[in-house]
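Asks: The following block contains a protein sequence and its predicted model.
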Amino acid sequence: MTESTNAQAIIVRTSRGLSIADTCITLYQVMDYVKAGWPPELIQHWLDLSEQQIADVMAYIATHRIEVEAEYEIVLQQAEESRQYWEARNRQRFATLATTTPQPGQEAICAKLQAWKAKLGMK
């Protein structure tokens, strides 16, 4: 089996899009790390892939760069649209929740949560 054929066999189209065969990992997840400048060895370790899997995935991306990039951009756009939709849909609910007082007996938990938010620099 040639390197090109092997790389194509590792990438399958699933309901999630282009994915690594026998895993739940999409090429879009790998592309997130590639775009962030991660070396293949670190991506391999982080996603728990074998050396052969990462080699085949990187070869597939290199061979089909234009197609993968175009599909990746569509996935990013859809994810952003989804985030904006849910943020807008839940904006009023979050505002309402922020103004509610804790139920009796939850004061200690709420105080601890507020302390953690302050420590993390959150509102």
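Replies: Received, thanks. Numbering: from 1, shown residues only.

Asks: mean confidence for the host helix or strand of Ala9?
Replies: Here Ala9, judged by DSSP states H and E, is contained in helix 3-10. Taken as a whole, helix 3-10 has a mean pLDDT of 60.

Asks: same deal with stretch 32-50?
Replies: 96.

Asks: Quick check: end-to-end length of that stretch?
Replies: 19 Å (C-alpha to C-alpha, to the nearest Å).

Asks: ok, residues contacting it?
Replies: Outside stretch 32-50, the residues that touch it by C-beta atoms under 8 Å, 6 or more residues apart in numbering are Ile20, Thr23, Ile25, Gln29, Val30, Glu51, Gln53, Ile54, Ala55, Val57, Met58, Ile61. C-beta coordinates here come from the backbone N, C-alpha and C atoms, glycine included.

Asks: next one: stretch 24-38 to chain centre, how far?
Replies: On the basis of C-alpha atoms, centre = their mean, to the nearest Å, stretch 24-38 sits 8 Å off its chain's mean C-alpha point.

Asks: repeat for stretch 98-117
Replies: Relative to the chain's own centre, stretch 98-117 is displaced by 30 Å; criterion: C-alpha atoms, centre = their mean.
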